[in-house]
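In: sequence-free structure coming up:
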């Protein structure tokens with residue numbers, strides 16, 4: 001899931017969230033002049049509550065294991081010692097139910 005955050009369009013430039021609007025590139029090499037009475041301003045980006053929650057959820061999901069290793073080991077042990085049983089009637093009914101949901 002972390003790969004999705006690293007995607008960039010071809011040729012996309014790096015974006016900065018803050019910039020100083022009083023200091024602009026001056027091609028003549030002259031000093032930029034501030035408007036009298038104005039203070040240095042900068043643009044800012046703020047996230048909505050929803051975006052902040054999604055970002056927090058994403059970080060939480062990164063810490064969660066995809067595989068329940070305890071359950072996998074218990075199933076491996078049961079299969080290895082022959083104690084794992086399959087209820088064929090339940091399995092057949094689940095297959096029928098699944099097929100009916102597809103239609």
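Out: Alright, I've got the coordinates. Quantities reported herein were computed from a predicted structural model and do not represent experimental measurements.
In: the bottom helix or strand of the chain by mean pLDDT?
Out: Using mean pLDDT, DSSP states H and E, the weakest-scoring helix or strand in the chain turns out to be strand 19-20, at a mean of 54.
In: Relative to residue 73, how far out is residue 95?
Out: Applying C-beta to C-beta, to the nearest Å, the value for residue 95 to residue 73 is 27 Å. Where you see a C-beta, it was placed from the backbone N, CA and C, and this is true even at glycine.
In: hang on, I meant residue 103
Out: Distance of residue 103 to residue 73, computed by C-beta to C-beta: 38 Å.
In: how about residue 85, secondary structure?
Out: Secondary structure, DSSP: H, G, I helix; E, B strand; the rest coil: residue 85 is coil.
In: Contact partners for it?
Out: Contacts for residue 85 (C-beta atoms under 8 Å, 6 or more residues apart in numbering) come out as none.
In: mind redoing it with 10 Å?
Out: Residue 85 makes contact with residue 78, according to C-beta atoms under 10 Å, 6 or more residues apart in numbering.
In: what's the spacing between it and residue 97?
Out: Relative to residue 97, residue 85 is positioned 21 Å away (C-beta to C-beta).
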